[in-house]
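Undergrad: have a look at this prediction, sequence included:
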Amino acid sequence: MRSVTVAQQLVDILRQAGVERIYGVVGDSLNSVVDAVRRTDGIEWVHVRNEEAAALAAAAEAQLTGRLAVCAGSCGPGNTHLIQGLYDAQRSGAPVLALASHIPSRQIGTGFFQETHPERLFTECSDYCEMIGTPEQMPRVARIAVQRALGNSAVSVLVIPGDVAHAEATRPTGTSDLVTERGRVVPPQAQVVALAEKLNAARKVMLFAGAGVRDAHAEVMALAEKTAAPVGHSLRGKEWIQFDNPYDVGMSGLLGYGACYEAMHDADLVVLLGTDFPYNDFLPQARTVQIDHEVGHLGRRTVLELGVHGDVRETLRAVLPLVEVKGDRAYLDRLLRKHAKSLETVVEAYTRNVERHVPIHPEYVASVLDELAADDAVFTVDTGMSNVWAARYVTPNGRRRVIGSFLHGTMANALPHAIGAQFAYPGRQVISMSGDGGLGMLMGELLTVKLHDLPVKTIVFNNSSLGMVKLEMLVEGLPEYETDHGPVDYAAIARGAGIEAIRIERPEDVVAGLKQALAYDGPVLVDVVTDPNALSIPPHITAAQVKGFAFAAGRTVLDGGVGRMLDLARANLRNIPRP
């Protein structure tokens, strides 16, 4: 009978937690863990080309499933590569466990080859970070790490020297129940009453929804109906609240569009629903109440008239019976008209000569992709202009998912996120909306897609430019510098990796090319050559920023979003009573 190693104990605990895979790059200090995976049924090692991609893939899997996802890096450079993805996971609230293997325990503190101090390094991007220095700490410390990640929807890091992982276990592994479902925070009754009083006293109420409204769509709609309130959203809230929403006025923030900003600043009372919206300059900094299940989030972005500690759904269910119906819809109707008009203003820029415009309008590509994608597609989007096109053109319906590095903002996240998403949901359509800058940074992960034959559809918005950086320079009134680079044929690179590829250079080929890609049974990359001059401005800019944009004369500068969101806005106008 073989002896049980510390590494085997760890893998057994992961299986007890329902973990089916570990993303990583094999290395000598991880050999015992990799071998334990080989010998254990129900779990596999997913080989990637960079540990950063391993952490991003785990972050996407955890966000989509709510289950624990695991990544690993060998000692020194192997685990330091994890850090971007772990920051992304921690800020996104993804339950991820990272295994950071370490140099031999007897060499720690000697300046040994590849020595780092991962137990210090990962502290800022994790909720729990501890080193297992002796076999006696197992399996207890591993279970603590797993439970902290699941319970707090956060990152846990286990640092394990290679020799300790290889050592014989001294304690039985056993079994222990893991709590995977979190309880709901019910607000104190006094806060519910105070919230009702605020809602009833205000003449113009505006609701601003974040990701915390995930399972509270019906309750938010009921509150909007009672209070005649326009409903705006953050980027992370979009997929949960914009669909079937007759009160929609768009999105606020740097990627925003529509009448959300105006609605928020014209309101007598703004209600922040489950959002930790970071851009405080877009908030009115007055007349605001906030509902959040994380008490530490209350008031950290804006001053509050009232903070309510509670789950959004439970809070709204408690307060709705106390809320009086507002008969005056003038404020809501005005904002619905404003929202529709703001979207219509860009239709001309979006549609004029679109079939003849070369290079291709990227917003046209995003709109066609939105129309052709499956109703339950998972979109992963790169930071930068791809984020803009996804925010403005991907239409939510309650079944689609949109994953991005929305809080950490790292480049190159889309393709690794797509890898994790496809492993999590092998039967669903997964679409990576990749910028050429992001894809170029972690292009080796195309080899990961091919190795595992993942049917990821990688759509490259290839404008030979760092478009968002260019936009930032223009806003500041600076001449663009070092934002452009030479053209690259990413389709040829994908073919060289053994991936089916399509290159689109003319707008009349967009529909057929995307249809072909989405129907293909296997991985495919679509390289779309898009206009580098297609930029977008926020819904509200200062006088200084306007001056900066003056230097952008001749560029295609859009200030809104179209596609099916315009159809929704027009449909919502039908809800306005006729005189």
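TA: Thanks, I have the structure now.

Undergrad: quick check: nearest residue in space to the residue nearest the centre of the chain, chain neighbours excluded?
TA: Centroid-nearest residue in the chain, with CA atoms, centre = their mean: residue 404, separated by 3.0 Å. Among residues not flanking residue 404 along the chain, residue 381 sits closest, at 4.3 Å (CB to CB, 6 or more residues apart in numbering). Just so you know, the C-beta spots here come from the backbone N, C-alpha and C atoms, and that holds for glycine as well.

Undergrad: how close does the residue nearest to the centre of the chain sit to residue 17?
TA: Here the criterion is CB to CB, to the nearest Å. By it, residue 404 lies 26 Å from residue 17.

Undergrad: so the residue nearest to the centre of the chain touches residue 421, yeah?
TA: No - in this structure residue 404 lies outside contact range of residue 421 using CB atoms under 8 Å: 11.4 Å.

Undergrad: any residues in contact with both of the two?
TA: Common contacts of residue 404 and residue 421 (CB atoms under 8 Å, 6 or more residues apart in numbering): residue 380.

Undergrad: the helices in the stretch 251-400 of the chain, which residues?
TA: When assigned using DSSP state H, counting those that start in this stretch, the helices of the stretch 251-400 of the chain occupy the ranges 260-266, 312-319, 330-344, 347-351, 362-372, 385-393.

Undergrad: right, so of these, which gets closest to residue 84?
TA: helix 385-393 (16.4 Å; CB to CB).

Undergrad: between helix 362-372 and the closest one, find me the angle.
TA: 50 degrees (axes from the mean of the first three to the mean of the last three CA atoms, to 10 degrees).

Undergrad: distance from the chain centre to helix 385-393, please.
TA: 12 Å (CA atoms, centre = their mean, to the nearest Å).

Undergrad: tell me what it is packed against?
TA: helix 362-372, strand 378-381, strand 401-404, strand 430-435, strand 457-462, helix 467-475, strand 534-536 (3 or more CB pairs under 8 Å, 6 or more residues apart in numbering; DSSP states H and E).

Undergrad: reformat these as CSV; add mean pLDDT.
TA: Formatted as CSV, these follow (pLDDT from 0 to 100):
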stretch, mean pLDDT
helix 362-372, 91
strand 378-381, 98
strand 401-404, 96
strand 430-435, 97
strand 457-462, 96
helix 467-475, 63
strand 534-536, 63
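
Undergrad: now distance to residue 262 too, for those, in JSON lines please.
TA: Shown next, in JSON lines, are the helices and strands packed on helix 385-393 (distance: least, CB to CB, whole Å):
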{"stretch": "helix 362-372", "distance to residue 262": "23"}
{"stretch": "strand 378-381", "distance to residue 262": "26"}
{"stretch": "strand 401-404", "distance to residue 262": "25"}
{"stretch": "strand 430-435", "distance to residue 262": "29"}
{"stretch": "strand 457-462", "distance to residue 262": "30"}
{"stretch": "helix 467-475", "distance to residue 262": "20"}
{"stretch": "strand 534-536", "distance to residue 262": "18"}
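
Undergrad: so for residue 69, which of these sits nearest?
TA: That would be, of the helices and strands packed on helix 385-393 and by CB to CB, strand 401-404, which comes in at 12.6 Å.

Undergrad: next helix or strand past the closest one?
TA: Sequence order places helix 414-424 as the next helix or strand after strand 401-404, per DSSP states H and E.

Undergrad: please save the CA atoms from that next one in CSV.
TA: Extracted C-alpha coordinates of helix 414-424, given in CSV (Å, rounded to 0.1, in the frame of the first residue of the first chain):
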residue,chain,number,x,y,z
ALA,A,414,-10.2,37.9,-22.5
LEU,A,415,-8.6,34.8,-24.0
PRO,A,416,-7.5,33.3,-20.6
HIS,A,417,-11.0,34.1,-19.2
ALA,A,418,-12.5,32.3,-22.2
ILE,A,419,-10.3,29.2,-21.5
GLY,A,420,-11.7,29.0,-18.0
ALA,A,421,-15.3,29.7,-19.2
GLN,A,422,-15.1,26.9,-21.8
PHE,A,423,-13.8,24.4,-19.3
ALA,A,424,-16.6,25.3,-16.9
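
Undergrad: tilt between that helix and strand 457-462?
TA: Here the directions of helix 414-424 and strand 457-462 differ by 170 degrees (the same axes, to 10 degrees).

Undergrad: good, we can wrap up now.
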